[in-house]
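Build the 3D model from these lines:
(4 chains)
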Amino acid sequence: MRLAYTEDQELFRDTVRDFLADRCTTADVRAAWAADTAISARWVELAKVGVTGIVIPEEHDGLGMGDEELAAVLVEAGRAALPEPLLESAVAAGLLAEFAPDAGWLAEIAAGRAAASVLLPGQRLAVEAAAADVLVIGLADGDLHVATPADCVLTARRSVDRSRKLFTVDFTPTARTLVASDTRRALARAADRGALGAAAQLLGLTRRMLDITVEYAKQRVQRGVPIGSHQSVQHHLANVLIKLEFARPVVLRAAYSLARDLPSAGRDVSMAKIYAGEAADLAARNCLQVHGAIGYTEEHDLQLFMKRAWALGTAWGDAGVHRDRIAADLLGDAPAPPTPAF
Amino acid sequence: MRLAYTEDQELFRDTVRDFLADRCTTADVRAAWAADTAISARWVELAKVGVTGIVIPEEHDGLGMGDEELAAVLVEAGRAALPEPLLESAVAAGLLAEFAPDAGWLAEIAAGRAAASVLLPGQRLAVEAAAADVLVIGLADGDLHVATPADCVLTARRSVDRSRKLFTVDFTPTARTLVASDTRRALARAADRGALGAAAQLLGLTRRMLDITVEYAKQRVQRGVPIGSHQSVQHHLANVLIKLEFARPVVLRAAYSLARDLPSAGRDVSMAKIYAGEAADLAARNCLQVHGAIGYTEEHDLQLFMKRAWALGTAWGDAGVHRDRIAADLLGDAPAPPTPAF
Amino acid sequence: MDLEFTEQEQEFRREARAWLTANVPAEPLPSMDTREGFLAHRAWERKLFDARWAVVSWPREYGGREAGLTEWLIFEEEYYRAGAPGRVSQNGIFLFAPTLFEFGTREQQDRYLPAMAAGEEIWVQGWSEPEAGSDLANVRSRAERDEERGGWRLSGQKIWSSRGTYGHRLFGLFRTDPGAQRHRGLTYFMVDLAAEGVTVRPIPQLDGEPGFAEVFLDDVFVPDADVLGGVDEGWKIMIATTGSERGLNLRSPGRFVAPANRLIELYRRDPRPAERDAVVRAWMDADAYRLFTFGTVTKLQAGGAIGADSSINKVFWSEMDVELHATALRLLGEAGELDDGDGGWLDGFLFALGGPIYAGTNEIQRNTIAERILGLPRAK
Amino acid sequence: MDLEFTEQEQEFRREARAWLTANVPAEPLPSMDTREGFLAHRAWERKLFDARWAVVSWPREYGGREAGLTEWLIFEEEYYRAGAPGRVSQNGIFLFAPTLFEFGTREQQDRYLPAMAAGEEIWVQGWSEPEAGSDLANVRSRAERDEERGGWRLSGQKIWSSRGTYGHRLFGLFRTDPGAQRHRGLTYFMVDLAAEGVTVRPIPQLDGEPGFAEVFLDDVFVPDADVLGGVDEGWKIMIATTGSERGLNLRSPGRFVAPANRLIELYRRDPRPAERDAVVRAWMDADAYRLFTFGTVTKLQAGGAIGADSSINKVFWSEMDVELHATALRLLGEAGELDDGDGGWLDGFLFALGGPIYAGTNEIQRNTIAERILGLPRAK
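Residues are numbered from 1 along each chain as shown, chains lettered A, B, ... in the order given. The predicted structure is shown next:
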C-alpha cells in the first residue's frame, strides 16, 4: 500500500514544474489571452520535455506512460495556467493510439509538430478546434472519426478564460474520416481521462491561488497589522488548504484506478472531479475575498487562475454530472453493497 | 403594505412572554423532563392568559384568533422551551372547531381543564398521547376521528428532548369515534398549521440560544480577553443572527398567508419551516461550538433549547419534505410562472 | 399585517410596467464601462428622466415623483423585471444625492441635481485610497486652503472609483486639518474631473472593462462652493451616504427577484435535477430578501431607523447574489464558461463577485453585526 | 503507487474479521458511561485482550501483535465494520500508552501496560482545567515536593476527563515549579484516583450519561515512581501525547467508513431523494478520509512526520462526522428525534457533536493550519 508517486514520476513532474516556472509565466499566459491560438512556440519545447507524448506509445516516439503521469503533469499545468491544450491533445492521442495508430499523427504530436483536439459525445465545445492539426471526434453512436479543421464548420465562442479558444463544431461524418465503430467504451474512458485531467489541473490551480494569496496576506498591512493575522483571513485560507489536501489523494487514487481500468475507475474519477472542483471553487472565492478589490481587477494575476478554475469546473462534466454518476453507483438498483474502492 | 404584527397582537404576545419568563424557567423545563407528562399545573395558568384557546371560537370561550396570533405566541413558547403541547392542542382544537364543535371539548381546552393532541396522516408519533384528554386523529382516507387515549394502544417512545412525551399510536377506527369524512383539505391545512407553529417555535429557540451564547461570550475570559472579541466567535454568532433575521419575516408572511388561506399558503409555510429550521440548526451548532465543552453538558441550559430545536426541525415535516413541496410548486409541470407570493 | 398593495400603488405599478414594456431596448446595451456603452446608457437615463422615471423618489421639481418607499420598491421590481439597462448614474442618484439633499445648500442642489437626474453628469465616488484599505478614517488625500482664490487645493489619490473612467464629477473626503487624526479634520468635496491636475487611470475589472478607476489629484483647485456641509465635518456627512450605500437604497429586492425568476425559467426549459435544490434555494432567498426588505420598510414607516441592520442586509444579498449566479452557470452545463452565452449569466456572476467585497467587506460587516447589534466586545 | 494490500495484510484482515464475526455481541452493550455498561465494556476489553486483539500495534510481550500502521488501519476497519463496542480503554491505549512507551521507564511500563491492555485499569486524561480553557500552558494545578515520603503532593482541579466517573487512574500535567510561567515548570504525573484526597464529580454529557468528570485533588500524595519523564519536563512529553490524540491514532477511517456504509444501506432501504446528495457526500467524505489517511501512512512509512497536518485531519473528520450523522437523522424523518430508535444514529450524532470541540477546538486548529502550515503571522 503506497499512495504516492514513484521517484521516477516525481522526477518527471519536477522537470515539468521547473520548465513551466521558467517558460510559462503569467506574462506568457496573458500573451495567450491576446493571441488567436494558445498554441505557441512553447508546444515544441513541451514536446522536448516529453510532455506532448506522455500517453503516446514509445514506438511512436512518445513516453508510453499513462494516466498517473499525465495527471502529475497536469497538476503543474494547472499551477502555471498553461494555455496549451495539453489535456485535449492527450485525450485525442489516446484514442488515436488505440484506433488509428498508423495515421501518422502520433509521432507528430509527440514531437510537437502537431497538436490535437477532441470532441466526445455530449460535448458541444472543442478547445483550439481551429488551430489543432487533427480533431478526434467521437459520436454518440460509437463511431470514431479523425478529421481536420477543414472538415468542420467552426464557430468561435468566448470563454471566461480567454486563453481557452473554444469552438462549436459542425461536423458531417464521412467514410473518409471514419476510423472505427463501436468505440463507446473507449469514448467513455477518454471522457474519464478528460475529467481526471481537469481535476488534476484544478489541484494545481488551487495551490497557485492559495500561494498567491498567502503571500499577499503576509505582505498587505492594514491598520498596522498584516491582514493574514486576522482570524477570518486565516480561516478562509485554512479552509482552502483543507479542501486541497483532501482532494489531492482522491485525484491520485482516480489516476491509479483509471490507469489500471479498475471497475471503480469511473466512480473514482467522478469523485476526483468533484473534490478538485470544489477545492478550486472555494479557492477562487476565498482568495478573491482576501484580496478585496485588487483581486477583482484584470491587472492582478489572480484572475488568470480563477477563470481557468471556473472553466475547468464546468468542462469535462460539472459536479452535477459526476454526482449523478456516483449516486447511481452507490444508491442505484445494483444489489452490490458499496465496498471500499481498493 | 405592513409586514408586522398589530399593536394588539404585540400586546398579547408580550403578556405571554412575561408570563413564561416567570412561570417557565429552565428549572421548570427540567422538571418536565423528569415527569411522566409535561402537562402541569401551568396549563390552567396558560388558559387564564388565553393561550390554550387562541384558535377556539369565542362562543366556546376561546379567543377566536388565528394563525398569526398562534405563531406570535409560539415564538415565545420556543424562547422558553415551554414543555406543554400548546401547538398540538391548537391543531387539534382547530379541527374540533370545524368538525366537532359541539362535542364539548373546546370550552374545556380553552379553560385549561383539558388538553388535546393530534395525529395527522403521515405522522406516526403523537405528543402527550397518554396524558391528553382527547386525541384528534385524521386518516389518510380523509376520515376524522375524535378519540381518547383509552381508544388506542400507546407505546411510549423517547425523544432526544425528554420533555416531548412521544407515543406511537395504534388506533382502530370505529363508528363511535368518526366525526367527519372527506376532510383531506382540512387535514392538510392542519398540517400546515403544525409546520407554521413549529417554525415559530424554532425562531424563539434560535433567539434564546443566541442570547445565552452572546452573554457567555461576553463573560467568558480566556488568555485575558473575552472570547466574544475573537473574530471567529463574532462571525459564528453574526451568522446565526443573519439566519434568524431573514427567517423572521418568512414566518410572519406564512402566518399571514395561512390565516387567509391564500393560494400560496402551503408554499409559504414550507418556506417558513425550512428557514426557521435552518436558523435553529445553525444556532445549535454555532452556540455549542462557542461554548465548548461546557455546552456539551446536560447541566448547562443550552442543551434544553438545542434538543427542542432538533426535535422540531424533524417534526411537522423536515426540510426535505418541505423543499420537495416548494420544488413541485416552482419547477413542476404547472404552467404558471412563479409570481411573488404577495 | 397587511401584505396588499393599495390601489394607488397598483396603479403606479401598472404605469411603470406599461412604460417599461414600451421603452426598454430589445437588445441589451453595450457595457456601460465602454465608451460606446457609457453614451448609450446616458441616453437611456435621459429617456427615463424625460418620462419622469429616472428618480422616482425625488421631489417633483427635480424630476421625481415623490414616490414613497413602497412605490420605489415597486418601481425597482418592475425595472428589473423588464430587464432594463443598468443605471450608469446609480452612484450619483442613490449614493450621493441623498447626502446632497440632506447637507447641500439649495444652490448646490439646483446646480447639480438636474444634470445628475438627466444623466448629463455622471458622479463618481472617491472613498477608498490605496493605503487606507476599507477603513475610510485613514484618508490621506489632503486639501490645502487657497484663500486667494476662495477655495481649496486637493492632492492625493483615490481608487476603486466606479464609473471613474468616463464620469464627470467626484464626491469624496479630503483631509483639511492635517493635524487631526482618523475621522476628524475631513471635509466632503465635490470635484470636477475635468479640472486641471486630475489624472484618471482606468482599471479593468474581472469582466475586462474599466468599471473603476484610480484618480490622481495634483493640486486641483476646488472652489468653496463645492464644499458639501461644513469644513472638517466630512465624516458625519459621509456616514449618512454609506448608510445609503450599504442599506436599503442600492440593493432593491427587484434586483434579485428578477434573476431568480429567470433562473426558474432556465430550469424549467432544461431541468437538471442535480441542481434542483440550488435553484429552489436561490428563488427562496430572493423571496426572503424581498420580505426582509418589506419588514425594514414597515419599520422605517413607523419611524424606525436602519442602523447596523444594514450589515445584515448586505451580507445576505451579496452572498445570495453569488450563489444565484453560480447556480445559473451550473444549469448551463458546458456552456457555463461562455462569456458570449445567452442570458448574460456569466457577466452577472462576475458582477456579483464584487458584492461581498465592496461597501465594506462581509468580514467587516460581520464584525459590525457582532459588535453593534449583538453587543460583543470589539474584535482584536 | 500501489493500492493493494499484501497477502499477509489480507490474511490479517481475514483473521480479524473471523474473530470479530464470532465474538462481537449481537446486542449493543449498555453505554460505557453507566456503571453497568462500564463493567460490560471492560469485560469486552478483556475478551479482546485474551484473543490478542486489544492492542494490535503493541509489542507481543504486552499483549500486542506488533502490527504496522497499515495492519492497524485494517484492524480498525474490521472492528467498526463488525459494529463492535466502543473502546472504554481508548484514552489509555491510544492517548497515554504512546507516551508511556516513549518516556516511561521499563518498570513503569511493566507496572501499568498489562492492566491497561486487559481493561483492568481504565485511564483518564487530566488536561483541561476550569480556568485554563483550551490553552494547556495555563495549567494551575500544582505539585509540591514531599521529600520525606519521596514524592509529591498534588492539588488542583481537572475537568472534562473522559471516563473519569468510573476510571482508575489519571495522567496529566501539574505545576512543579511555581515560579515558572506557561509551559515551563510542568511535570507529567500518573495519579491513582482511589488515593486519599481525590474527589470525582461526574458530569453528564448531552446524552445524559456522565461521560466525563471533574476531578478535584486536595493534597494527593503521588510517589516519585509515578512521575513520567523528568520533573519540569511535562510539556514536551504532553506534546507527544496530544500529537497522538489529534493525529492518526485516535480517528481511524474505519470509524467513518462503517457508518457511511450503513448510511447507504439506510438510504437504499427507504430512499428519500431530497437527501440523496447528502448521503453521497457523507460516503465520499468517509472515502476521502480513508485515502487521506493512507497518504499519511505512506508519508510516515517513508520517514516523514505528521506535525501540524494533524490539524487538517482533525477539522475534516470532526465536521464530516457531524454531517454524516445529521444526514442519517434526516433520512429517518419523523423518527429522527427518537433516542430509542434503530441504528443508534441519534447517539452517534450527539457523540459527533463533541468532535469539533475537544482535542483543540476547530477554530484553534484552523489558526494552527494558517500559522504553522501556511506561515501566516500569528493571530491577534
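
Tell me where the stretch 101-250 of chain C has helices.
C:106-117, C:234-246 (DSSP state H, counting those that start in this stretch).

and the helix or strand where residue A:137 lies, what does it pack onto?
Secondary structure assignment for residue A:137, by DSSP states H and E: strand A:134-138. Using 3 or more CB pairs under 8 Å, 6 or more residues apart in numbering or on different chains; DSSP states H and E as the contact test, the elements touching strand A:134-138 are helix A:86-99, strand A:116-119, strand A:144-147, strand A:165-171. Where you see a C-beta, it was placed from the backbone N, CA and C, and this is true even at glycine.

low-confidence ranges in chain C?
Applying pLDDT under 70 to chain C flags residues C:133-134, C:241-250, C:380.

Go again with 50.
C:246-248 (pLDDT under 50).

Let me know the outermost residue of it.
residue C:148 (37.1 Å; CA atoms, centre = their mean).

before we move on, the earlier item: quick check: which of the helices of the stretch 101-250 of chain C is buried the most?
Among these, helix C:234-246 has the highest mean neighbour count (mean count of other CB atoms under 10 Å in any protein chain shown), at a mean of 19.

got a list of contacts for the next helix or strand after that helix?
As assigned by DSSP H and E, the chain's next helix or strand after helix C:234-246 is helix C:254-269. Contacts with helix C:254-269, where a contact means CB atoms under 8 Å, 6 or more residues apart in numbering or on different chains, come from B:330-331, B:337-338, B:340, C:73, C:76-81, C:83, C:275-276, C:279, C:282-283, C:285-287, C:289-290, C:317, C:320-321, C:324-325, C:327-328, C:331-332, C:343, C:348.

all strands for the chain, in order.
Chain wasn't specified; assuming chain A. A:116-119, A:125-127, A:134-138, A:144-147, A:152-158, A:165-171, A:178-180, A:221-222, A:225-226 (DSSP state E).

right idea, wrong chain: chain C
With DSSP E as the criterion, chain C has strands at C:123-126, C:142-146, C:151-162, C:169-175, C:186-192, C:198-203, C:212-223, C:227-228.

which neighbours does the last one have in its sheet, and in what orientation?
In the sheet containing strand C:227-228, its partner strands are strand C:186-192 (antiparallel), by DSSP bridges.

can you dump the C-alpha coordinates of the strand it pairs with into PDB?
Extracted in PDB, the C-alpha atoms of strand C:186-192 (Å, rounded to 0.1, in the frame of the first residue of the first chain):
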ATOM      1  CA  LEU C 186     -12.000  65.600   7.000                       C
ATOM      2  CA  THR C 187     -14.100  67.600   4.500                       C
ATOM      3  CA  TYR C 188     -16.600  66.500   1.900                       C
ATOM      4  CA  PHE C 189     -15.700  67.900  -1.500                       C
ATOM      5  CA  MET C 190     -17.300  67.800  -5.000                       C
ATOM      6  CA  VAL C 191     -14.600  67.700  -7.700                       C
ATOM      7  CA  ASP C 192     -14.800  68.400 -11.400                       C
END
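
which residues touch it?
Residues from elsewhere that reach strand C:186-192, judged by CB under 8 Å, 6+ apart: C:99, C:103, C:108, C:112, C:126, C:139, C:143, C:152, C:154, C:168-177, C:180, C:198, C:217, C:220, C:222, C:226-235, C:237-238.

Tabulate the strands of chain C in JSON lines, adding columns for mean neighbour count.
Formatted as JSON lines, these follow (neighbours: other CB atoms under 10 Å in any protein chain shown):
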{"stretch": "strand C:123-126", "mean neighbour count": "26"}
{"stretch": "strand C:142-146", "mean neighbour count": "17"}
{"stretch": "strand C:151-162", "mean neighbour count": "22"}
{"stretch": "strand C:169-175", "mean neighbour count": "26"}
{"stretch": "strand C:186-192", "mean neighbour count": "24"}
{"stretch": "strand C:198-203", "mean neighbour count": "16"}
{"stretch": "strand C:212-223", "mean neighbour count": "20"}
{"stretch": "strand C:227-228", "mean neighbour count": "22"}
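
JSON lines please, covering the ones you listed and showing distance to residue B:312.
Below are the strands of chain C laid out as JSON lines (distance: least, CB to CB, whole Å):
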{"stretch": "strand C:123-126", "distance to residue B:312": "46"}
{"stretch": "strand C:142-146", "distance to residue B:312": "59"}
{"stretch": "strand C:151-162", "distance to residue B:312": "46"}
{"stretch": "strand C:169-175", "distance to residue B:312": "50"}
{"stretch": "strand C:186-192", "distance to residue B:312": "51"}
{"stretch": "strand C:198-203", "distance to residue B:312": "51"}
{"stretch": "strand C:212-223", "distance to residue B:312": "47"}
{"stretch": "strand C:227-228", "distance to residue B:312": "53"}
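
The ones you listed: which one's closest to residue A:172?
strand C:198-203 (46.0 Å; CB to CB).

anything in the closest one near chain A?
Yes: residues of strand C:198-203 contacting chain A under CB under 8 Å from any CB of the partner chain: residue C:203.

next one: stretch C:323-343
Yes: using CB under 8 Å from any CB, stretch C:323-343 reaches chain A at C:329, C:330, C:332, C:333, C:334, C:335, C:336, C:337, C:338, C:339, C:340.

rewinding a little: most neighbours per residue, which of the helices and strands packed on strand A:134-138?
strand A:116-119 (a mean of 27).

packing partners for that one?
By 3+ CB pairs under 8 Å, 6+ apart, strand A:116-119 packs against helix A:86-99, strand A:125-127, strand A:134-138.

Please convert these to a markdown table, extending it with mean pLDDT.
Formatted as a markdown table, the helices and strands packed on strand A:116-119 follow (pLDDT from 0 to 100):
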| stretch | mean pLDDT |
| --- | --- |
| helix A:86-99 | 98 |
| strand A:125-127 | 97 |
| strand A:134-138 | 98 |
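
quick one on the thing from earlier: mean pLDDT lowest for which of the strands of chain A?
Note on these: lowest mean pLDDT is at strand A:221-222, with a mean of 90.

for it, the distance to its chain's centre please.
Distance of strand A:221-222 from the chain centroid (CA atoms, centre = their mean, to the nearest Å) equals 37 Å.

Also stretch A:289-296?
On CA atoms, centre = their mean, the centre of stretch A:289-296 falls 26 Å from that of its chain.

Give me the contacts around that stretch.
A:213, A:216-217, A:227, A:233, A:236-237, A:287-288, A:300, A:302-303, C:128, C:133-134, C:159-160, C:205-206, C:212, C:353-354, C:356-358, C:361-363.

Keep only those of those that are in helices.
A:213, A:216-217, A:233, A:236-237, A:287-288, A:302-303, C:353, C:362-363 (DSSP state H).

show me what contacts the residue sitting nearest the centre point of chain A?
When CA atoms, centre = their mean is applied to chain A, the residue found nearest the centroid is residue A:198 (2.9 Å). Contacts were defined as CB under 8 Å, 6+ apart; by that measure residue A:198 touches A:87, A:273, A:276, A:277, A:312, A:315, A:316.

show me the contacts for residue A:131.
So residue A:131 contacts A:36, A:37, A:38, A:39, A:115, A:149, A:165 (CB under 8 Å, 6+ apart).

Show me how to select, in ChimeraX, the buried members of these.
Here is the ChimeraX command that selects only those of those that count as buried (16 or more other CB atoms under 10 Å in any protein chain shown):
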select /A:37,38,39,115,149,165
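
Could you list the residues in contact with stretch A:72-81?
A:5, A:9-10, A:12-13, A:16-17, A:20-21, A:24, A:26, A:29, A:51, A:54, A:82, A:86-87, A:163, A:197, A:200-208, A:251, A:255, A:304-305, A:308, A:312.

What of stretch A:252-269?
With CB under 8 Å, 6+ apart as the criterion, stretch A:252-269 contacts A:3-5, A:66-68, A:70-72, A:188-189, A:192-193, A:195-196, A:199-200, A:250, A:271-272, A:322, A:325-326, A:329-330, A:341-342, D:1, D:3, D:291, D:295.
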